[in-house]
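# need coordinates for the below:
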Amino acid sequence: MKKLIGSIAFAVVAASGAALAQSYPEQAVTLVVPYGPGGASDLAGRALAETAQPFLEQPVTVMNKPGAGGMNGARFVSEADADGYTLLLARVGMALSPAVTPDSAVPWDAYTFVGALEATPMILAVRSDAPYENVEDLVTTIKDSNGAMTYAASGATAIDGFTTQALLADNDLDPLTAATLVPYKGGGALATALLGGHVDFVAMAAGSLMPHIESGDMKALMVFAPKRVESLPEVATAQELGYEKAGQITGWSALYAPKDLPEEVLAKWQEVLGQVATDEKWLELASRRGSISTIGTVDMTDYAKSQYELFNGLAKDFGYLPN
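Okay, here's the model as predicted:
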């Protein structure tokens with residue numbers, strides 16, 4: 001009798017899986033962006049929602065859930081039902097936060113890794129009327145300011161905080177006290193803070209800065225990326241300038257889902273991403289944000305692990321964690 005019940009249960013599970021494969025998606029999918037509106041994460045999420053929808057044949061609705069360095073949105077998705085209707089526009093913070101604050105952050109591997117989306121360079125920028133013509137000018141002023149120079153970031157342990165802290169550490173300055181962090185929520189707010197003169201500089205995702213650089217309201221001093229940004233060919237990378245720690249940092253976007261996503265749903269989304277990868281609108285929007293599409297070129301599980309290990313090492317170097 002037990003064998004019969006077990007066989008029936010297995011058959012029901014198998015049948016429901018097959019039905020899910022045939023019917024998914026039956027309704028709109030919610031894509032959670034774990035940062036505020038207007039920033040690079042939000043732009044990436046909306047670009048994915050717009051370009052995936054025709055291939056998915058259901059609406060993709062963006063929901064912004066900012067706070068706690070991206071962890072509010074990340075936790076919301078990690079605790080959601082693994083049915084494919086709640087997904088996460090993951091950013092580098094999903095690897096960084098658990099590497100720095102393991103007790104409070106969502107673990108880096110608490111998800112199903114659906115796939116990589118894009119590489120998103122970070123840019124060190126100042127207002128166009130600032131007296132700094134290069135990184136050395138800015139660093140010299142920071143050294144002389146005794147902590148009075150300010151920068152905007154989502155948080156000390158967010159990627160746009162780590163960019164600056166890595167640069168400070170590379171210049172033998174205390175990464176936590178040499179400049180003063182002023183926290184804001186989301187890339188749009190960070191850019192606005194710099195434009196309004198509320199902070200002296202930022203080192204954040206290119207997507208939030210490019211419109212202001214192109215308009216002449218800001219100037220880029222350095223890029224955090226493996227290679228120069230196509231639209232800023234004259235701006236050197238941190239690697240080119242010899243910055244060891246800053247040279248390892250860059251941004252990225254990926255698509256995550258709750259752990260144990262059914263294989264059929266995962267396969268559907270990987271099929272959709274394969275179609276998005278060659279979509280002209282997706283590529284155009286990525287280029288406009290200063291990003292490079294990486295769909296289908298990165299093993300996201302391996303990459304997420306390597307990013308976690310990188311930031312865990314930097315967290316120890318910066319004094320957030322004991323060595």
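# contacts, neighbours, all on C-alpha from now
Noted.
# so what's the backbone phi/psi at the residue positioned nearest the centre of the chain?
When CA atoms, centre = their mean is applied to the chain, the residue found nearest the centroid is R91 (2.3 Å). Main-chain torsions, R91, degrees, to the nearest 10: phi -130, psi 180.
# with Y303 instead?
According to degrees, to the nearest 10, Y303 has phi -70, psi -40.
# for the strand ranked longest in the chain, packing partners?
The single longest strand within the chain, with elements called by DSSP state E, is strand 111-120. Packing contacts for strand 111-120, counted by 3 or more CA pairs under 8 Å, 6 or more residues apart in numbering; DSSP states H and E, involve strand 251-258, helix 263-276, strand 292-293, helix 300-318.
# contact partners for the residue nearest to the centre of the chain?
S41, G251, W252, S253, A254 (CA atoms under 8 Å, 6 or more residues apart in numbering).
# now those as CSV including pLDDT and neighbour count?
What follows is the contacts of R91, written out as CSV (pLDDT from 0 to 100; neighbours: other CA atoms under 10 Å):
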residue, pLDDT, neighbour count
S41, 90, 27
G251, 91, 22
W252, 94, 22
S253, 95, 26
A254, 98, 23
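# T192: which of these is nearest?
Distance ranking of the contacts of R91 against T192, using CA to CA, places S41 first at 15.8 Å.
# which residues touch that closest one?
V33, P34, Y35, L89, R91, G187, S253.
# what's the answer for M149, then?
M149 neighbours (CA under 8 Å, 6+ apart): T141, I142, A178, A179, T180, V199, D200.
# and the gap between it and A277?
According to CA to CA, to the nearest Å, M149 stands 41 Å off from A277.
# on contacts alone, who are the packing partners of the strand or helix carrying E136?
Element membership for E136, per DSSP states H and E: helix 135-145. Here helix 135-145 touches no other helix or strand, going by 3+ CA pairs under 8 Å, 6+ apart.
# gap between that helix and the chain center?
Relative to the chain's own centre, helix 135-145 is displaced by 28 Å; criterion: CA atoms, centre = their mean, to the nearest Å.
# may I see the buried residues of it?
For helix 135-145, the neighbour count (16 or more other CA atoms under 10 Å) marks V135, L138, V139, I142, K143 as buried.
# is it true that the last one touches T177?
No - the pair formed by K143 and T177 falls short of the contact definition of CA atoms under 8 Å, at 10.8 Å.
# circling back to that earlier point, residues in contact with the helix holding E136?
With CA under 8 Å, 6+ apart, helix 135-145 has contacts from Y132, A148, M149, L168, N171, L173, A178, A179, L221, M222.
# you'd agree E240 is in a helix?
No - read with DSSP: H, G, I helix; E, B strand; the rest coil, E240 is coil and lies in no helix.
# can you give me the strands in the protein?
Counting by DSSP E, the strands of the chain are 29-33, 60-64, 86-91, 111-120, 122-127, 150-153, 180-183, 201-205, 218-224, 251-258, 292-293.
# quick one: those strands as TSV, columns for distance to G242 too.
As requested, those are arranged in TSV below (distance: least, CA to CA, whole Å):
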stretch	distance to G242
strand 29-33	34
strand 60-64	37
strand 86-91	26
strand 111-120	20
strand 122-127	15
strand 150-153	22
strand 180-183	24
strand 201-205	17
strand 218-224	12
strand 251-258	19
strand 292-293	23
